[in-house]
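# need a structure here:
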Amino acid sequence: MLKARQLTFVNPTARISVPVPHQEVSAPIDLSAVRAALNSAEPTRAALAALLAFHAIRIWQLCALQLADLRDGRLQVDDRVIPLAVPVRLRLTAYLTCRQRSWPNTANPHLFIHYRNANTTRPVTPYRIRKRLGMNAQAIRQDRILDEAHASRGDVRRICGLFGLSVAGAYRYTATVDHPVSPVTKRCRNDLAVKRLRS
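Residues are numbered from 1 along each chain as shown. The predicted structure follows:
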């Protein structure tokens with residue numbers, strides 16, 4: 001209004017931050033697709049799916065992981081040390097066996113490699129990981145964090161510690177705890193919880 005009346009040349013409210021509602025997280029994923037990826041005969045696909053479904057590793061972190069980051073059943077991701085779940089260890093062991101058998105003389109230090117970068121020291125690309133996984137990696141990760149948010153009843157500190165999120169990032173998931181959940185969504189989450197207990 002001030003600008004329209006030529007009382008000022010700029011909008012005086014341009015630099016004022018306005019709180020915005022938290023972004024909605026994605027809907028629950030297709031559990032049958034996750035099960036298929038976890039139980040895949042391809043060791044690479046199964047290992048990737050396990051790291052996403054159990055520990056919600058970011059896709060760029062999957063690309064950057066090196067063999068030295070995996071030791072004694074623990075995974076070093078940035079400044080965090082993640083104790084790996086037993087199903088994840090089993091799938092990673094199967095993948096490492098396949099990796100050694102396929103490229104025994106590779107000098108690539110990265111954990112995940114394929115035929116294009118096995119003769120180099122470059123990391124795998126996010127595109128290659130998404131293609132091998134066969135589904136949306138980010139959706140698996142978000143669903144895992146959302147499941148933990150509901151299981152912990154919105155414990156922000158727990159979410160931050162488990163998944164390396166900021167408080168603001170964790171709030172995006174814990175804020176959904178106070179909202180009513182549809183019966184279909186609740187059934188999907190219960191099925192996922194049962195699946196993780198059985199794995």
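# buried set for stretch 85-100?
When neighbours are counted by 16 or more other Cβ atoms under 10 Å, the buried residues of stretch 85-100 are found to be 85, 87, 88, 89, 91, 92, 95, 99. From N, CA and C alone the C-beta is placed, and that goes for glycine too.
# make that stretch 111-121, sorry
Judged by neighbour count using 16+ other Cβ under 10 Å, the buried positions of stretch 111-121 are 111, 112, 113, 114, 117, 118.
# about what we covered before: right, and the pair among the buried residues of stretch 85-100 with maximum separation?
Greatest spacing in the buried residues of stretch 85-100, by Cβ to Cβ: 85 and 99 (20.3 Å).
# For this protein, just list every one of the helices.
Remark: helices assigned in the chain by DSSP state H are 31-38, 43-55, 59-64, 86-102, 126-133, 137-151, 156-163, 167-174, 183-198.
# weakest of these by average pLDDT?
Among the helices of the chain, helix 183-198 has the lowest mean pLDDT, at a mean of 52.
# follow-up on the earlier one: could you identify which of the helices of the chain is most buried?
Of these, the one with the most neighbours on average (mean count of other Cβ atoms under 10 Å) is helix 43-55, at a mean of 24.
# Contacts for that one next, please.
34, 37-40, 57, 62, 75, 82, 84-85, 87-88, 91-92, 94-95, 97-98, 112, 114, 129, 132-134, 137, 140-141, 144, 163, 196 (Cβ atoms under 8 Å, 6 or more residues apart in numbering).
# I'd like to know how many residues surround residue 176.
Residue 176 has 18 neighbours, counted by other Cβ atoms under 10 Å.
# That one contacts residue 146, correct?
Yes. Look at residue 176 against residue 146 with Cβ atoms under 8 Å: they come within range, at 6.6 Å.
# got the contact list for residue 132?
Residues near residue 132 by Cβ under 8 Å, 6+ apart: 42, 44, 45, 48, 114.
# rerun that using 7 Å as the cut-off
44, 45, 48 (Cβ atoms under 7 Å, 6 or more residues apart in numbering).
# hmm, back to that, Serialize the buried residues of stretch 111-121 to JSON lines and add fields for pLDDT and distance to residue 66.
What follows is these, written out as JSON lines (pLDDT from 0 to 100; distance: Cβ to Cβ, whole Å):
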{"residue": "111", "pLDDT": "95", "distance to residue 66": "6"}
{"residue": "112", "pLDDT": "95", "distance to residue 66": "10"}
{"residue": "113", "pLDDT": "93", "distance to residue 66": "11"}
{"residue": "114", "pLDDT": "90", "distance to residue 66": "15"}
{"residue": "117", "pLDDT": "90", "distance to residue 66": "13"}
{"residue": "118", "pLDDT": "91", "distance to residue 66": "15"}
